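Novice: my questions are about this predicted structure, shown below with the sequence.
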Amino acid sequence: MKIGVLALQGAFIEHIQILRGLGVEAVEVRLPGDLEGLDGLIIPGGESTTIGKLADTYALMSPLRQFAADKPVWGTCAGMIFMARELHSGDGHRDQPLLGVMDVVVERNAFGRQVDSFITPIDVAPFAGEPFPAVFIRGPRLVEAHGEARIIARLADGTPVAAQEGHWLVTSFHPELTGDSRFHDYFVKMIGE
Ligand SMILES: NC(=O)CC[C@H](N)C(=O)O
């Protein structure tokens, strides 16, 4: 199995390290040709406006959409924004490039600024009862999930923070910044299915 991590900007190295720690081959993706032969793709956290602009510049938008049509893709934080069909933004910026594959509406920067970053244990449906340490850094909130998209994790106050739609996964938070590899394991299993 070979998993790519979109390496235009943001926390891609951390994802690669966790995947390699799990014994999975992991490579950086910067150009359309890098998608060849991959079984899945992670779109990391960072700055979704920058990731979108660079994806446009490197002619990656259409190859990424084609890849996502039949291969598993997981977006963390900025990656979740990039994968969403619709975006709400407190600062009025809505015209950034989005892949727009997953049937969710997200709101950028829904948990405050960088200084408001926090870590909190959350319940994740597929992890049956064992809380996951979720790291939030200017993360987005899931506003709505439509069609086949279902919420798989919520904060204690009920705010939805992770969703799955078939072979697509999105998380508002950063599993690659914890020592807990259960989300990466879960994505590897999604690819195997
Ligand atoms: N940690 C992150 O990925 C932050 C996401 C960033 N606030 C954005 O809007 O893209």
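Specialist: Structure received.
Novice: going forward, measure contacts and count neighbours with C-alpha atoms only.
Specialist: OK.
Novice: the helix or strand containing Trp74: what's the following helix or strand?
Specialist: If you go by DSSP states H and E, Trp74 is part of strand 73-76. Sequence order places helix 78-83 as the next helix or strand after strand 73-76, per DSSP H and E.
Novice: hmm, the helix or strand just after that next one touching the ligand?
Specialist: Sequence-wise, the next helix or strand downstream of helix 78-83 (DSSP H and E) is strand 84-89. No: judged by C-alpha under 6 Å from any ligand atom, strand 84-89 stays clear of the ligand, getting no closer than 8.5 Å.
Novice: show me what strand 84-89 is packed up against.
Specialist: Secondary-structure packing of strand 84-89 (3 or more C-alpha pairs under 8 Å, 6 or more residues apart in numbering; DSSP states H and E): strand 102-108.
Novice: can you tell me the strand partners of the strand it packs on and which way each runs?
Specialist: Using DSSP bridges, the strands paired with strand 102-108 are strand 84-89 (parallel), strand 141-145 (antiparallel).
Novice: how about the helices in this structure?
Specialist: 12-21, 48-57, 61-70, 78-83, 182-192 (DSSP state H).
Novice: coming back round to it: mean pLDDT lowest for which of the strands paired with strand 102-108?
Specialist: Comparing mean pLDDT over those, the weakest stretch is strand 84-89, at a mean of 88.
Novice: contacts for the strand holding Trp74, please.
Specialist: With C-alpha atoms under 8 Å, 6 or more residues apart in numbering as the test, strand 73-76 has contacts from 40-45, 80-83, 167-175, 187.
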